[in-house]
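>>> Provided below are the primary sequence and the corresponding predicted coordinates.
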Amino acid sequence: MEFVAIDVETANADMSSICQVGMALYREGVLTDEWKSFIDPEDYFDPVNISIHSIDESVVEGAPTIPEVSDKISNLLDNRVAVCHTHFDRVAVQQAFDRYELTYPRCEWLDSARVARRAWDEFAWRGYGLPNVCAYLGYEFIHHDALEDAKAAAYILNAAMEKMGLNIAGCLERVRQPIDGSKSHSRQDLERDGNSEGSLYGEVLVFTGALRIPRSEAADMAAQLGCQVTAGVNKKTTMLVVGDQDIRRLAGHKKSSKHRKAEALISKGQSIRILRETDFQQLAKLVV
């Protein structure tokens, strides 16, 4: 069965701001085609994002926009299983296509992180990020290059299928099943323990800025996805969700103290994903 692994890099916290796409087509576990392109996001580049993937305005000068490569993306994804490591790339593609009112590719998505959590006990509850799993499997790649990351996700999926004795269809079914019988826990305040069966279990999430929905509702949503919700940014934080109005109004300047602290930790090597409230809500809809 065919599948296409896909990964994207973004210019800023708006997940529609795709600045690079990498895609790799596999048939019966063998790489048969690949494609990578820088993308002009028609948006600003946040220094934090540049520090992660080294892509800036000069790199994408003259590169195509999403509408100019949408047919290529759709042709590779249509009627196939689309594989990405966590659902962030899936949301980014959807947000980018929605931004330009493009027809969304017809594909079935499979999260290789969810597969890895079920294939190896070591990653069931933590540490199932792309670099960690690949290091465990002995697979070397250049992280934050879209095509390299896409191939890494494919390698994890192929290794997991061999480990579990499943094909693609079997993996699609397996990720719908519980990892084990663990139960979720919660508290009544704005901090939450994550649902251990959630797709994002192991993520430590913090909200900042003015949200469109009540903070308690957002915390409940994050906890259901598996995130541990905490009040402040610290060395355990892995995700920061910023209110849409803060992102649009500040355009990367005069950010909240939580936002600035997260960026300071990123500059020291900590892996923290920053995204808008809108993208977080879209993520929640897709991974429930």
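That came in fine, so what should we check first?
>>> how many other residues sit next to residue 257?
Residues lying near residue 257 (other C-beta atoms under 10 Å) number 10. The way it works is simple: take the backbone N, C-alpha and C, and place the C-beta from them, glycine included.
>>> which residues sit in contact with residue 88?
15, 273, 275, 283 (C-beta atoms under 8 Å, 6 or more residues apart in numbering).
>>> from those, which land in strands?
If you go by DSSP state E, these have 273, 275 in strands.
>>> buried members of the contacts of residue 88 into PyMOL, please.
Selecting the buried subset of the contacts of residue 88 in PyMOL, with 16 or more other C-beta atoms under 10 Å as the burial test, is done by:
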select buried, resi 15+273+275+283
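>>> let me have the contacts of residue 88 in TSV, extended by distance to residue 34 and pLDDT.
Below are those laid out as TSV (distance: C-beta to C-beta, whole Å; pLDDT from 0 to 100):
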residue	distance to residue 34	pLDDT
15	23	96
273	25	95
275	27	92
283	27	90
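>>> can you put the contacts of residue 88 in TSV and add distance to residue 46?
Formatted as TSV, the contacts of residue 88 follow (distance: C-beta to C-beta, whole Å):
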residue	distance to residue 46
15	12
273	13
275	12
283	19
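>>> so which of the contacts of residue 88 comes closest to residue 215?
For those, the minimum distance to residue 215 (C-beta to C-beta) is 16.3 Å, reached by residue 275.
>>> the closest one pairs with what?
Taking DSSP bridges as the rule, residue 275 bridges to residue 241.
>>> same question, residue 25
The partner residues for residue 25, given DSSP bridges, come to residue 4, residue 33.
>>> what about it, distance to residue 139?
19 Å (C-beta to C-beta, to the nearest Å).
>>> what about the two, which has more around it?
With neighbours defined as other C-beta under 10 Å, residue 25 and residue 139 compare such that residue 25 has more, 20 against 15.
>>> which intervals of this structure have sub-threshold pLDDT?
Applying pLDDT under 70 to the chain picks out residues 180-189, 245-254, 288.
>>> for it, just list every one of the helices.
Ranges of helices in the chain, per DSSP state H, are 47-53, 57-60, 66-77, 88-99, 112-119, 130-137, 146-164, 168-174, 215-225, 244-250, 257-267, 277-287.
>>> can you tell which of those is closest to residue 8?
Nearest of the helices of the chain to residue 8, taken as C-beta to C-beta: helix 88-99 at 4.9 Å.
>>> what angle do that closest one and helix 146-164 make?
Angle, helix 88-99 to helix 146-164, by axes from the mean of the first three to the mean of the last three C-alpha atoms, to 10 degrees: 130 degrees.
>>> now find how far off-centre helix 88-99 is within its chain.
Averaged C-alpha coordinates place helix 88-99 at 11 Å from its chain's average position (C-alpha atoms, centre = their mean, to the nearest Å).
>>> how about CSV for the helices of the chain, with distance to residue 2 added?
As requested, those are arranged in CSV below (distance: least, C-beta to C-beta, whole Å):
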stretch, distance to residue 2
helix 47-53, 28
helix 57-60, 30
helix 66-77, 10
helix 88-99, 18
helix 112-119, 15
helix 130-137, 22
helix 146-164, 11
helix 168-174, 8
helix 215-225, 29
helix 244-250, 37
helix 257-267, 36
helix 277-287, 22
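>>> so this structure: which segments form each domain?
What automatic domain parsing lists as the domains of the chain is 2-174, 204-287.
>>> now those domains in CSV, with distance to residue 198?
Listed next are the domains of the chain as CSV, based on distance: least, C-beta to C-beta, whole Å:
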stretch, distance to residue 198
domain 2-174, 10
domain 204-287, 2
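>>> what's the closest of those to residue 192?
domain 204-287 (3.6 Å).
>>> how far does the closest one sit from the chain's center?
Worked out by C-alpha atoms, centre = their mean, domain 204-287 lies 14 Å from the chain centre.
>>> dump the residue contacts of residue 100.
Counting by C-beta under 8 Å, 6+ apart, residue 100 touches 65-67, 70.
>>> and the contacts of residue 88, which is closest to residue 40?
residue 15 (16.2 Å).
>>> ok, back up a step: mind putting the contacts of residue 100 into JSON lines with distance to residue 77 and neighbour count?
Shown next, in JSON lines, are those (distance: C-beta to C-beta, whole Å; neighbours: other C-beta atoms under 10 Å):
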{"residue": "65", "distance to residue 77": "18", "neighbour count": "15"}
{"residue": "66", "distance to residue 77": "13", "neighbour count": "21"}
{"residue": "67", "distance to residue 77": "16", "neighbour count": "14"}
{"residue": "70", "distance to residue 77": "10", "neighbour count": "19"}
